[in-house]
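Q: how would this look folded up:
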Amino acid sequence: ITTNSGGGSAILGSHLDLGDNQKARFGAGDDLQIYHDGSNSYATSGTGQFFLTSSNSNIWLRGGEGGILSADGSEYLIRATSNGSVKLFYNNVKKLETTNTGIDVTGTVTADGLTVDGSATIDSGGASPLTISRNSGANSNVGIAFNAATNDFNIGVASTSEDFVVGTSSNLNTLNRLRV
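A: Below is the predicted model:
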């Protein structure tokens, strides 16, 4: 080991070998520690953020499976599998997963637009009404709705008297207005 007493630098002419549970410690309070416990390897930061940076290239983490866990390690945040899926979690519940055909989403998707290239199937979940509408602006109640429980198909303004209704309910004997 060559040291520079003025700058506190040490230059190793070979390797630095540490045994299991022996730590390389950095910072005035040993804030950063790197070590191996005999089974797993760790780089821990006791204060502040932990950054991995590269000024001229990408940063890659390698492994067959990996992810990001909560601070205490009890919950998944992100989980990725080699040649498989990437999963995103909210409160340790999987919400989005990539698949070989696209993505699977659990829960509600809120988006500011949707473009479908090809055919699309929308399943509103059994007897729940399927509604496609404009939710803002001057014509916010204009839309299309299908209610599987009553077999009603509505096009027009969502109000007590729709512009155009096709259905089998007993109250659908009258066409209030039809404009073409």
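
Q: residue contacts, residue 45?
A: Under the criterion of CB atoms under 8 Å, 6 or more residues apart in numbering, the contact partners of residue 45 comprise 31, 32. C-beta here means a position set from N, CA and C on the backbone, and glycine is covered the same way.

Q: quick check: bridge partners of it?
A: According to DSSP bridges, the partner residues bridging residue 45 are residue 32.

Q: distance of it from residue 51?
A: As for residue 45, its distance to residue 51 is 9 Å (criterion: CB to CB, to the nearest Å).

Q: residue 94 now?
A: Residue 94 is 28 Å from residue 51, where distance means CB to CB.

Q: mind checking which of these two has more residues around it?
A: Taking other CB atoms under 10 Å, residue 94 and residue 51 do not tie; residue 94 has more neighbours (16 against 6).

Q: count of neighbours near residue 95?
A: 15.

Q: now the phi/psi pair for it, please.
A: The phi/psi pair for residue 95 (degrees, to the nearest 10) reads phi -110, psi -30.

Q: which pLDDT value belongs to it?
A: According to the prediction, residue 95 has pLDDT 97.

Q: pull the helix or strand with minimum mean pLDDT from the protein.
A: Among the helices and strands of the chain, strand 164-166 carries the lowest confidence by mean pLDDT, DSSP states H and E, at a mean of 54.

Q: gap between the residue nearest to residue 16 when sequence neighbours are not counted and residue 13?
A: What sits nearest to residue 16 in space, not counting adjacent residues and going by CB to CB, 6 or more residues apart in numbering, is residue 24, at 7.3 Å. Remark: distance between residue 24 and residue 13 (CB to CB) = 17 Å.

Q: in terms of neighbours, single out the busier of these two.
A: More neighbours sit around residue 24 than around the other of residue 24 and residue 13, counting by other CB under 10 Å; the figures are 12 against 6.

Q: am I right that the more buried one is in contact with residue 35?
A: Yes - between residue 24 and residue 35 there is a contact under CB atoms under 8 Å: 6.9 Å.

Q: between the two, which contacts overlap?
A: Going by CB under 8 Å, 6+ apart, residues that sit against residue 24 and also against residue 35 are residue 18.

Q: and the pLDDT at residue 55?
A: What the model reports for residue 55 is a pLDDT of 82.

Q: mind checking the SS state of it?
A: Using DSSP: H, G, I helix; E, B strand; the rest coil, the structure places residue 55 in coil.
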